[in-house]
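# next come a sequence and a model predicted from it.
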Protein chains: 2
Amino acid sequence: MTVSRITSHDVAREAQVSQATVSRALRGDPQISAATIERVTAASERLGYVPSSVGRSLSRRATGQIAVVTELGNLTYPDTIPAMHDELHNRGYGMLLISEHPTRDSDHAILFDGSVDGVILTTSHQNSELPARLQKRNIPFVFLNRTTRGIEADSVTADNAGGARSIAQLLLGDGHTNIAMLAGPSDLSSAADRERGFTTALRKDGIEALMRPVVRGDLTYEAGRLGWAQLVSMRNRPTAVFCSADAVAIGLLNAIAEQGERAHRPAVIGFDNSPISGWPVFSLTTVDTHLAEMARLASALLVERIEQLSHGIIPPVRRLLVPTTVVLRTSHVPA
Amino acid sequence: MTVSRITSHDVAREAQVSQATVSRALRGDPQISAATIERVTAASERLGYVPSSVGRSLSRRATGQIAVVTELGNLTYPDTIPAMHDELHNRGYGMLLISEHPTRDSDHAILFDGSVDGVILTTSHQNSELPARLQKRNIPFVFLNRTTRGIEADSVTADNAGGARSIAQLLLGDGHTNIAMLAGPSDLSSAADRERGFTTALRKDGIEALMRPVVRGDLTYEAGRLGWAQLVSMRNRPTAVFCSADAVAIGLLNAIAEQGERAHRPAVIGFDNSPISGWPVFSLTTVDTHLAEMARLASALLVERIEQLSHGIIPPVRRLLVPTTVVLRTSHVPA
């Protein structure tokens, strides 16, 4: 590995500021004026200075790096990555992606060895151990989209129950009386909130004899295919199916397409407003959780916490609940 | 940040090995026996030892981390991430994902400041500057899927020209005489090779009066939608369309679906065999590039280079060309 011979001393001399100001300016510290940041950046570019993250770690216990723990196979998440990347970049932080692997923990070492200043958790289960481990070590983190029971921490979540309630009202208004749900695992807070919002609204507003079978599975394409196999085998086949995620609804629509003309398609509704839901072959009615905006908010919450802690302030826990929006396309009309 | 007070000295004493053996064992060095690795791992777990990547960097200039530069919005790449992750993990390396941002370079600092031992490049253009910068600094890297002109470096690429030639033969065999291509940007080596293989085969094997309009665009869903708009406006509308990537073919099929019953669908063929190409609503005939296997090979090449360099050996440049396979589904039959 080559190490640059230009140091922050050289940059400080060139920009006529202190060495401490150089490192703060290059991290985009909000307390440094824009003019100074510009002068320091220009000087460091003129000299070809590359800040060493190793030096940063030892001198200030601040790495300028935020880890994002995510599931890269999940169709919903790719959109959030650029949003976090840009928000963190604008605030002077780099982003490391930690790809979640369900069966092993060892890759999480980088979260604990001083390589990052904070963590954004996007894949927490109700029984995840990671949040408690981070908390025990005083490593700042924020929950994005899903939370873990019993952990007091900053979080940004969608109003999943409210979105699901709106869908129940839409389907009841359309006259459906036999409405199935393809629900997600009950240990995911987001899926559990969608199920609770939906079934509560059906129970409250629905007629007494309403059918409401719940089929439980993962939040995946494959679960949607399996769900359709279960629905077609029912004696009273539902006329409407609410899926706990767009991926599930898209698996369901593909299973129906595979059956060809013989299949009578029920009303199908998803949740997430993922890019694929808008493709004309699906035209999926769904619920927008504004996930990119949520990702930006989570990044901002985390950086604010890190910077307050670095000034000796312990900020109160903040929990943001972001409203959802129903996106009406055509799949909620049976075909 | 909390820093563990347990050091590798404590682990060495507990496991009754030297301190050097502790770090090598915890990195999974293949020259340390499995029994020793197990003893050291058990001792470090008993003591709650977390190896510090900061300490590692300073003492050995080896971080145990590989950076992968990728485009996260690209539908083709998500599959390669677990493959690289697992291959690197098995060889004792962690993976950092660097999300490529077309308009800015600053996030690449982590590639140059000693934070990583090597780099896997998945997004290189013909005019990318990054490969030359890595080479100048003697940072080991490997090209995956795409290469950059004039740079001598390890690479793993698909036989893109061969795959495209097979598609030309398939379409000619089916009797098509007016065949369009939705080609990709000419500064991507993979797209250029597909175009060259296809047009060369049509010229060589095709009848004289063959029509072969080429519409150029990005390798995206949106480019497929735009491509269809151009094709339908042609006086002699092509009866077959070869798309330079599955994403383009899927955009095209969606544009056709949006037109509804009025549209007569040409034969449509993609390239990549991405998971979505197999969805029944598309049933896309395509070319499998075995990208996950390519990603594994690229990871292995890079680690072998890094380890040989650490023993003072400069290995020769290796260029692997991986054969492609045509995947026949139903979209190559006009409907």
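Great, that's in hand. Numbers count the residues shown, from 1 in each chain, chains lettered A, B, ... in the order given.
# what's the closest non-adjacent residue to whichever residue of the stretch 51-200 of chain A sits closest to chain B?
When scored by Cβ to the nearest Cβ, the stretch 51-200 of chain A has A:L97 as its residue closest to chain B, at 3.9 Å. The way it works is simple: take the backbone N, C-alpha and C, and place the C-beta from them, glycine included. Computed as Cβ to Cβ, 6 or more residues apart in numbering or on different chains, the closest residue to A:L97 that is not its neighbour in sequence is B:L97, at 3.9 Å.
# wasn't that neighbour part of a strand?
Yes. Applying DSSP: H, G, I helix; E, B strand; the rest coil, one finds B:L97 inside a strand.
# wait, it sits on A:H85?
No. Assessed by Cβ atoms under 8 Å, B:L97 is found out of contact with A:H85, at 10.4 Å.
# helix or strand with the lowest mean pLDDT in chain A?
One helix or strand of chain A scores below all others by mean pLDDT, DSSP states H and E: helix A:53-60, with a mean of 40.
# ranges for the helices of the stretch 51-200 of chain A?
Ranges of helices within the stretch 51-200 of chain A are A:53-60, A:80-90, A:109-112, A:130-136, A:160-173, A:189-205, based on DSSP state H, counting those that start in this stretch.
# shaky segments in the stretch 151-300 of chain A?
A:205-209, A:261 (pLDDT under 70).
# which residues of it lie near chain B?
Residues of the stretch 151-300 of chain A lying close to chain B (Cβ under 8 Å from any Cβ of the partner chain) are A:Y221, A:I250, A:L253, A:N254, A:A255, A:A257, A:E258, A:W279, A:P280, A:V281, A:F282.
# let's see if you can find the most crowded of the residues you listed.
Of all those, the highest neighbour tally under other Cβ atoms under 10 Å in any protein chain shown goes to A:I250, namely 28 neighbours.
# following the chain onward from the helix or strand where that one lies, which element is next?
With secondary structure defined by DSSP states H and E, A:I250 is part of helix A:246-259. Using DSSP H and E, the helix or strand that directly follows helix A:246-259 along the chain is strand A:267-269.
# which residues touch that following strand?
Strand A:267-269 has contacts (Cβ atoms under 8 Å, 6 or more residues apart in numbering or on different chains) with A:167, A:170-171, A:174, A:176, A:239-243, A:249, A:252-253, A:284-287, A:331-334.
# which residues are contacting stretch A:120-137?
Around stretch A:120-137, the neighbours that count as contacts under Cβ under 8 Å, 6+ apart are A:66-71, A:77, A:80, A:84, A:100, A:108, A:111-112, A:119, A:141-149, A:151, A:153, A:185-189, A:192, A:295, A:298-299, A:302, B:2.
# buried ones among the residues you listed?
Buried positions within the contacts of stretch A:120-137, assessed by neighbour count (16 or more other Cβ atoms under 10 Å in any protein chain shown), are A:66-71, A:77, A:80, A:84, A:100, A:108, A:111-112, A:119, A:141-148, A:151, A:153, A:188-189, A:192, A:295, A:298-299, A:302.
# the residue of the stretch 51-200 of chain A closest to chain B against A:T70, yeah?
Yes. When contacts are counted by Cβ under 8 Å, A:L97 is listed as touching A:T70 (6.3 Å).
# now do the shared contacts for those two.
A:I81.
# beyond the lengthiest helix in chain A, next helix or strand please.
Determined from DSSP state H, the single longest helix within chain A is helix A:291-310. The first helix or strand that comes after helix A:291-310 along the chain, using DSSP H and E, is strand A:319-322.
# tell me which residues of the next helix or strand after that following strand are tucked away?
Counting by DSSP H and E, the next helix or strand C-terminal to strand A:319-322 is strand A:325-327. Judged by neighbour count (16+ other Cβ under 10 Å), strand A:325-327 contains these buried residues: A:V326, A:V327.
# tell me which strands and helices strand A:325-327 is in contact with?
When contacts are defined as 3 or more Cβ pairs under 8 Å, 6 or more residues apart in numbering or on different chains; DSSP states H and E, strand A:325-327 packs onto helix A:160-173, strand A:286-288.
# and the first one, what other elements does it pack with?
So the one you mean is helix A:160-173. helix A:189-205, strand A:240-243, strand A:267-269, strand A:286-288, strand A:325-327.
# what's the most buried one of these?
Greatest average neighbour count among these goes to strand A:240-243 (a mean of 29), per mean count of other Cβ atoms under 10 Å in any protein chain shown.
# what residues does that strand touch?
A:164, A:167-168, A:171, A:174, A:176, A:178-182, A:198, A:224, A:227, A:231, A:249, A:252, A:266-271, A:332, A:334.
# only the buried subset of those, as a ChimeraX command please.
In ChimeraX syntax, the buried subset of the contacts of strand A:240-243 is picked out as below (16+ other Cβ under 10 Å):
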select /A:164,167,168,171,176,178,179,180,181,182,198,224,227,231,249,252,266,267,268,269,270,271,332
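# how near is A:I37 to B:S128?
Per Cβ to Cβ, to the nearest Å, A:I37 is found 28 Å from B:S128.
# same question, A:P131
39 Å.
# please point out which parts of the helix or strand hosting A:T21 sit buried.
Taking DSSP H and E as the criterion, A:T21 maps to helix A:19-26. Neighbour counts using 16+ other Cβ under 10 Å place A:T21, A:V22, A:S23, A:R24, A:A25, A:L26 of helix A:19-26 among the buried residues.
# from those residues, which are also near chain B?
Checking these against chain B by Cβ under 8 Å from any Cβ, not one of them is in range.
# identify the farthest-apart pair in the residues you listed.
Among the buried residues of helix A:19-26, the pair separated by the greatest distance (Cβ to Cβ) is A:T21 and A:L26, at 9.5 Å.
# now for these two: what residues contact both?
A:V40.
# contacts only, for A:I110.
A:A67, A:L96, A:I98, A:V116, B:S53, B:Q65, B:G94.
# ok, the last one touching B:G64?
Yes. B:G94 sits in contact with B:G64 when judged by Cβ under 8 Å, with a separation of 5.9 Å.
# mind listing the shared neighbours of those two?
Listed contacts common to B:G94 and B:G64 are nil; contacts here mean Cβ under 8 Å, 6+ apart.
# who's the residue lying closest to A:V68 once chain neighbours are set aside bridged to?
Nearest residue to A:V68 in three dimensions, chain neighbours excluded: A:I120, at 4.6 Å (Cβ to Cβ, 6+ apart). Beta bridges link A:I120 to A:V68, A:V142, judged by DSSP bridges.
# burial measure for A:I120, as a count.
26.
# and which of the buried residues of helix A:19-26 is nearest chain B?
Distances from chain B to the buried residues of helix A:19-26, taken by Cβ to the nearest Cβ, are shortest for A:L26, at 9.8 Å.
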